[in-house]
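In: generate a structure from the sequence data that follows.
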Amino acid sequence: MCGITGWASFHHDARTQAPVIEAMTATLTPRGPDAGGIWLGERAAIGHRRLAVIDLEGGVQPMPDRPEQPDIVLTYSGEVYNHHELRAELRGRGHVFRTRSDTEVVLRAYAEWGEAVAEHLEGMFAFAVWDERAQRLVLVRDRLGVKPLFWAAVDGGVAFASEPKALFAHPEIRPRVDADGLREAYSLLFNTGPTVWSGVREVEPGGLLVLDRDGIRERRYWQLEARDHADDQETTVERVRALVGAAARSRLEADVPLCSLLSGGIDSTVLTALLADELRLREGMEARIRSYAVDYSDQAEQFTGDVLRTGHDTPYATEAGAFIGTDHSTVVLDPRALLDPEHRKAVVVARDSPIGVGDMDTSLYLLFGEIRQHSTVALSGEAADEVFGGYPWFHNPKALAAQTFPWLLVTGDEAAMPLNPELDLRISEFRDDIYRTALAAVPHLDGETAAGHRQREMQHLSLTRWLRQLLHRKDRLSMAQGLEVRVPYCDHRLVEYAFSTPWALKSFDGREKSLLRAVGTGLAPDSVLYRPKNHYPATHHPDYNRGLQDMARDALAIEQVRALADETRIKPCLDTPPDRLEWGHRLRLERVVDLALWLDHHRPELAL
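Out: Numbers count the residues shown, from 1 in each chain. Down below sits the predicted model:
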């Protein structure tokens, strides 16, 4: 897991631009605290920051296919979980390996298959290959978009990076925001492609970009398809059990300490149980995986339920850890520490975006910092709700009937943060247009029932949009602490199978995540298996709300913030008694604070 950056240009000699690639690479040091390097050729400059996880000595990057006069140079971030199988296949095709790293497998695989390399890889990855022979730059991103990859046009070519901040170290790319960027950020539709930054785009999940002397072209090598599902309930459960188990096992490889994130929900508990069982098979019955949960010092006394949070996590996480037999720890945070300006700034800098979820981001960042003191790799249950139908909108008649993105009706997030009406951004119209476009991309089968048709739309929207912002959040906040997070439920084979499974099988026991619950029988306590869905915890302490209100008042004193925010809808939230501040209204204040921090750090040009 690392940070990658660089550019290719047919108008300039990159060999004269060492200070530029060094500056771009330096911005990604938190993503790769262990080592860094650059490579310069006539037409391309390549940078890399490394978080060493596999083959600590051998996986140095940027990696050329040969030390002198290379034909191919790779900068790579991520993990390819089938690298052992690919190594054997490539050796059979005559390739010779110098290291045991998965990085070299990707390099040799490109040499063998060219642009088709991505179709052979299983895992999470974002990488760039400069092909000296073909004078070609190839950018590739994994199927679900677990690892980020951004790009922008430069004179005669393309610059790329794991994060926008690295692009802004290039002299031709400035942090600029226009009306389209604000619509992208504050509409909460989670498009992939355009970003808040003018001229900065993402490589699509399951996509690649190629630059050569003929120009730029993009294409998708993978996307969700609707396939006939002939398996009965018993066979479907067994197939899901096999796919989840295989995904968990493949993600246990590491030459550094590894742990699991155990919240006490069904997703993380089933995953942790599978990891623990596999670790005992490999290392003996005394082996114990380390697991972590997060809590707030006030949670037991102050917890207040809402549409997203149905209970206090810690007792369930503790019970699950004991049931599985993990070395479990709960990281307890003081809600007041979440107001620390330096922590808040670090989170906004990590995101490169004004859009976040306030204390939930800050607490996750602090949790990852605590975990990093003991582990370099953590495994997370992210994506199980999207894969197995766990969110409220899969079961809420109002959300199912509404002609809009379902999370806008369920999370209370649609009005956070209201923008100044004088900007005339027409976000409602923008949402309507994007919603129609999103539905048009959903694949269907002939003969689907109306209910099955709608549920497939809900799952497609969740997997291709909602999940993307969760993956961005987890990547940015973990990598800012030098921690790699792996997400087994994003295994594309599991996602493909579950997407084509009829809704009746996904809810065969009359509630959410029926298939995962069946897989988890015997692996997790019944109290966890039958617990209602609970989202990531937020603090409920009035002192936090009071401090947030003070920070929001300070933010609104800034002229540039007032120019963007709708004060008439925000100020009432400042006057609400702290112990009565609703979640959606509090989120408005969180985003006002983050907006001020984002503007102060990036100093973007606002072209509105």
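In: okay, now the unreliable bits of this structure?
Out: 1, 299-311, 411-415 (pLDDT under 70).
In: which residue is the nearest non-sequential neighbour of I558?
Out: Nearest in space to I558, with sequence neighbours left out and distances taken as CB to CB, 6 or more residues apart in numbering, is A596 at 5.5 Å. The way it works is simple: take the backbone N, C-alpha and C, and place the C-beta from them, glycine included.
In: what's the helix or strand for that neighbour?
Out: Element membership of A596, judged by DSSP states H and E, is helix 583-602.
In: helix or strand right after that helix?
Out: Counting by DSSP H and E, what follows helix 583-602 is strand 605-607.
In: on contacts alone, who are the packing partners of that following strand?
Out: Judged by 3 or more CB pairs under 8 Å, 6 or more residues apart in numbering; DSSP states H and E, the packing partners of strand 605-607 are strand 176-178, helix 559-564.
In: quick one: name whatever helix or strand follows the last one.
Out: This points to helix 559-564. With DSSP H and E, the next secondary element past helix 559-564 is helix 567-575.
In: quick one: buried residues of that next one?
Out: 569-570, 573-574 (16 or more other CB atoms under 10 Å).
In: that helix vs helix 583-602, what angle?
Out: 110 degrees (axes from the mean of the first three to the mean of the last three CA atoms, to 10 degrees).
In: residues contacting helix 567-575, please?
Out: 415, 417-418, 420, 549, 552-553, 556, 581, 585-586, 588-589, 592 (CB atoms under 8 Å, 6 or more residues apart in numbering).
In: how about 7 Å then?
Out: 418, 549, 552-553, 556, 581, 585, 588-589, 592 (CB atoms under 7 Å, 6 or more residues apart in numbering).
In: now which of the residues you listed would you call buried?
Out: The neighbour-count test (16+ other CB under 10 Å) marks 418, 549, 552, 556, 581, 585, 588-589, 592 as buried among those.
In: what distance do you get for the residue most central in space within the chain to R511?
Out: Central residue of the chain (CA atoms, centre = their mean): L471, 1.4 Å from the mean position. Using CB to CB, to the nearest Å, L471 is found at 26 Å from R511.
In: quick check: end-to-end length of stretch 20-40?
Out: Stretch 20-40 has its terminal residues 11 Å apart, counting by CA to CA, to the nearest Å.
In: if you could redo that for stretch 32-41, that was the one I meant.
Out: 23 Å.
In: now do the strands in the stretch 251-400 of the chain.
Out: 258-261, 290-296, 327-333, 377-379 (DSSP state E, counting those that start in this stretch).
In: quick revisit: pick the most deeply packed of the helices and strands packed on strand 605-607.
Out: Compared across these, strand 176-178 shows the largest average neighbour count, a mean of 19 (mean count of other CB atoms under 10 Å).
In: which element, helix or strand, includes the residue nearest to S478 when sequence neighbours are not counted?
Out: Nearest non-adjacent residue to S478, counting by CB to CB, 6+ apart: V485, 4.4 Å away. Secondary structure from DSSP H and E places V485 in strand 484-486.
In: what separates whichever helix or strand comes after that strand from the chain centre, distance-wise?
Out: For strand 484-486, the following helix or strand on the C-terminal side (DSSP H and E) is helix 492-499. For helix 492-499, the separation from the chain centroid amounts to 18 Å (computed by CA atoms, centre = their mean, to the nearest Å).
In: could you pull out the buried residues of helix 492-499?
Out: Counting neighbours by 16+ other CB under 10 Å, helix 492-499 gives 492, 494-499 as buried.
In: wait, which of those is closest to L467?
Out: When those are compared for distance to L467 (CB to CB), V495 comes out closest, at 9.6 Å.
In: report the contact partners of that closest one.
Out: V495 sits in contact with 144, 387, 463, where contact means CB under 7 Å, 6+ apart.
In: neighbours of the closest residue to V105 other than its chain neighbours, how many?
Out: Sequence neighbours aside, H83 is the residue nearest to V105 in space, at 4.2 Å (criterion: CB to CB, 6+ apart). By other CB atoms under 10 Å, 24 other residues sit near H83.
In: any idea how far H83 is from Q373?
Out: The spacing between H83 and Q373, counted by CB to CB, is 28 Å.
In: including distance to V117, could the helices and strands packed on strand 605-607 go into a markdown table?
Out: As requested, the helices and strands packed on strand 605-607 are exported to a markdown table (distance: least, CB to CB, whole Å):
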| stretch | distance to V117 |
| --- | --- |
| strand 176-178 | 34 |
| helix 559-564 | 43 |
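In: of all these, which lies closest to V210?
Out: strand 176-178 (25.8 Å).
In: which strands and helices sit next to that closest one?
Out: strand 605-607 (3 or more CB pairs under 7 Å, 6 or more residues apart in numbering; DSSP states H and E).
In: partners of the strand it packs on in the sheet?
Out: strand 176-178 (parallel) (DSSP bridges).
In: immediately after the partner strand, which helix or strand?
Out: By DSSP H and E, the next helix or strand past strand 176-178 is helix 179-186.
In: after that next one comes which helix or strand?
Out: Helix 179-186 is succeeded, C-terminally, by strand 200-202 (DSSP H and E).
In: pull out the buried positions in that next one.
Out: 200-202.
In: which elements pack onto it?
Out: strand 150-154.
In: tell me the strands beside the strand it packs on, with direction?
Out: Strand 150-154 is paired, per DSSP bridges, with strand 157-161 (antiparallel), strand 200-202 (antiparallel).
In: and the strands in the stretch 51-200 of the chain?
Out: 63-64, 72-80, 123-131, 136-141, 150-154, 157-161, 176-178, 200-202.
In: got the ones you listed as TSV, with distance to S187 columns?
Out: Supplementary listing: the strands of the stretch 51-200 of the chain in TSV, determined by distance: least, CB to CB, whole Å:
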stretch	distance to S187
strand 63-64	39
strand 72-80	28
strand 123-131	25
strand 136-141	23
strand 150-154	19
strand 157-161	24
strand 176-178	14
strand 200-202	16
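In: which stretch among those comes nearest D295?
Out: Of those, the one closest to D295 (CB to CB) turns out to be strand 123-131, at 28.0 Å.
In: what sits against A320?
Out: Under the criterion of CB under 7 Å, 6+ apart, the contact list for A320 reads 262, 264, 269, 524-525, 528.
In: can I get those residues in a markdown table with distance to T539 and neighbour count?
Out: A markdown table is the format used below for the contacts of A320 (distance: CB to CB, whole Å; neighbours: other CB atoms under 10 Å):
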| residue | distance to T539 | neighbour count |
| --- | --- | --- |
| L262 | 20 | 31 |
| G264 | 17 | 25 |
| T269 | 23 | 29 |
| A524 | 27 | 28 |
| P525 | 26 | 17 |
| V528 | 23 | 24 |
